[in-house]
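Trainee: no sequence on this one, just coordinates:
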Ligand SMILES: Nc1ncnc2c1ncn2[C@@H]1O[C@H](COP(=O)(O)OP(=O)(O)OP(=O)(O)O)[C@@H](O)[C@H]1O
C-alpha cells in the first residue's frame, strides 16, 4: 500500500491534542481524511443518519458484536456503549477517495495490530510535552470534573509506557501546535522521523 493510502492510527493520552490536530488536518484537506463509522447504543439525535453519524444499534446487538470479537475498541460513557468495529474500519479503508483515520487508546492499538495488520497502518502517538502541561490543558479544556481529570492523568502513564515499547512508527510531541501539526503533516505524507522519538517522551515518575 502506498504511503498516501495507509490508514492512520492516532493514539495518545487524553488531552494530548489528538482531536485538535485531527481537526486541523481535516480543515486543511476537506473530505480527504475521515473516521470509520462507530457503533453506539445511544439514541440518534435529530438529523443523525444511521450508518453516517453512527451505526445505531441495540445493547443486545452491540454485546453480540463484542462477544464475537467484532470491536477493535469499545467503551461505555454515561450509560451508552460506543465502539470502533473491525468491519467499519475495513469499509472506510476500502474507500479510495478518503484516507481512514482511527483514534484509539493503547489497548485498541494492540488489537488493531493483531486484527488489521494487513492494512499496514501508520501508527502515530501524540504526546504532551510534559505531564504538568497535560494537566493544565485538561483543566483549561474544562470538560471534566476533578475525579475524571485524575483518572485521565492516571491512564496517561499506561499510554506513555506503551509508546516506550516502540509500538508506534512516529511520535509527535505536541508542544507548539503549529510545529506539531507540521510534523504530523510530514508523517502523513510518508516522511520518516529521526529515530530518537522515544527519548523525547515525557517521564511519568515525577
Ligand atoms: N499545542 C497545544 N498548545 C496548547 N493547548 C493545546 C495544544 N494542543 C491542544 N491543546 C488544547 O488542549 C486541550 C486538549 O486537546 P484535545 O481535546 O485535542 O485532546 P485529545 O487528545 O483529543 O483528548 P481526548 O482523548 O480526551 O479527546 C484542548 O483544550 C486543546 O485546545
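Mentor: Thanks, I have it. Here the structure is a predicted model, which is why all the values come from computation and not from measurement.

Trainee: Now for residue 26, how many residues are close by?
Mentor: 15 (other C-beta atoms under 10 Å). In this view, the C-beta of every residue, glycine as well, is placed from N, C-alpha and C.

Trainee: so it touches residue 33, yeah?
Mentor: Yes - using C-beta atoms under 8 Å, residue 26 makes contact with residue 33 at a distance of 5.4 Å.

Trainee: Run through the chain and note the low-pLDDT ranges.
Mentor: Residue ranges of the chain with pLDDT under 70: 1-4, 194-195, 206.

Trainee: how about the residues of it near the ligand?
Mentor: When proximity is defined as C-beta under 6 Å from any ligand atom, the chain approaches the ligand at 12, 14-20, 137, 140-141, 174, 176-177, 180.

Trainee: from those residues, which two are the most distant?
Mentor: Spanning the widest gap among these are 14 and 176, at 20.2 Å by C-beta to C-beta.

Trainee: out of these two, which sits in the busier spot?
Mentor: residue 14 (21 against 10).

Trainee: Would you confirm that the more buried one contacts residue 152?
Mentor: Yes - counting by C-beta under 8 Å, residue 14 touches residue 152, with 4.2 Å between them.

Trainee: joint contacts of the two?
Mentor: residue 138 (C-beta atoms under 8 Å, 6 or more residues apart in numbering).

Trainee: Going along the chain, name the helices of this structure.
Mentor: For the chain, applying DSSP state H gives helices covering 18-28, 59-67, 86-93, 106-115, 131-141, 146-164, 177-188.

Trainee: between those, which gets nearest to residue 73?
Mentor: Per C-beta to C-beta, nearest to residue 73 of those: helix 106-115, 3.3 Å.

Trainee: For that closest one, buried residues please.
Mentor: For helix 106-115, the buried set under the neighbour-count rule, 16 or more other C-beta atoms under 10 Å, comprises 106, 108-109, 111-112, 115.

Trainee: what helices or strands is that helix leaning on?
Mentor: Where contact means 3 or more C-beta pairs under 8 Å, 6 or more residues apart in numbering; DSSP states H and E, helix 106-115 is packed against strand 8-11, strand 71-77, helix 146-164.
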